[in-house]
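**Q** could you look at this predicted model? Sequence included:
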Amino acid sequence: IMAPSYELSLLFRALEKKDVVSVLSRLAKNITTNGGVVMDVTDSGVATLPYRMRAHTEWNTSGRHTVLKFHCNPATLASTVATLPRDTSVIRHNVVRLRDVRSPGNQYFDQCKSLRGKPVIDIEPMLAPLEGRVAGQ
């Protein structure tokens, strides 16, 4: 039985890519160590926030939006998300459960079949293609 699919949306302070990769690597390691699979990472780069956001006693006017798509069991999800409120680089986070990966028409169905037993631990290569497209770098 395949684990549920989730999308973790993260809003970081206006960090450099290496700092974001460090946080994402830690999250990915937690997910994969507990039997999950990281499927995709999308980084939208640094942008002005629609309104000031306060996090960890600081006001933020710009931030970096990153989305992590993965499969894991609910216990792993809980332990992974529990660390985010304490991370001073994260302004906001949100988790959404995606529809079942076995559903017809889901783009990750074939990837999951081929990746079973081969978890992605190194996030940096997944972010490397985004370097040319990310604004503000």
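**A** Yes, it's here.
**Q** let me see the contact set for the most centrally placed residue in the chain.
**A** By Cα atoms, centre = their mean, the chain has its centre lying nearest to residue 68, at 2.5 Å. When contacts are counted by Cβ atoms under 8 Å, 6 or more residues apart in numbering, residue 68 touches 7-8, 10, 24, 27-28, 38, 40-41. Where C-beta positions appear, they are placed from N, C-alpha and C, glycine not excepted.
**Q** and it, that's in a strand?
**A** Yes: according to DSSP: H, G, I helix; E, B strand; the rest coil, residue 68 belongs to a strand.
**Q** longest strand of the protein?
**A** strand 37-55 (DSSP state E).
**Q** quick one: average confidence on that strand?
**A** Over the span of strand 37-55, the pLDDT mean works out to 90.
**Q** and it, C-alpha only, in PDB?
**A** What follows is strand 37-55, C-alpha atoms only, in PDB (Å, rounded to 0.1, in the frame of the first residue of the first chain):
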ATOM      1  CA  VAL A  37       9.600   9.500  -0.800                       C
ATOM      2  CA  VAL A  38      10.200  13.100  -1.900                       C
ATOM      3  CA  MET A  39       8.800  13.600  -5.400                       C
ATOM      4  CA  ASP A  40       9.300  17.200  -6.300                       C
ATOM      5  CA  VAL A  41      10.600  20.500  -5.100                       C
ATOM      6  CA  THR A  42       9.600  23.900  -6.500                       C
ATOM      7  CA  ASP A  43      11.300  27.200  -5.500                       C
ATOM      8  CA  SER A  44       9.600  30.400  -6.700                       C
ATOM      9  CA  GLY A  45      12.400  32.600  -5.500                       C
ATOM     10  CA  VAL A  46      12.400  35.700  -3.300                       C
ATOM     11  CA  ALA A  47       9.400  38.000  -3.800                       C
ATOM     12  CA  THR A  48       7.700  40.900  -1.900                       C
ATOM     13  CA  LEU A  49       5.000  39.500   0.400                       C
ATOM     14  CA  PRO A  50       1.400  40.800   0.000                       C
ATOM     15  CA  TYR A  51       1.500  42.200   3.600                       C
ATOM     16  CA  ARG A  52       4.000  42.300   6.400                       C
ATOM     17  CA  MET A  53       4.200  39.000   8.300                       C
ATOM     18  CA  ARG A  54       5.600  38.600  11.800                       C
ATOM     19  CA  ALA A  55       7.500  35.500  12.600                       C
END
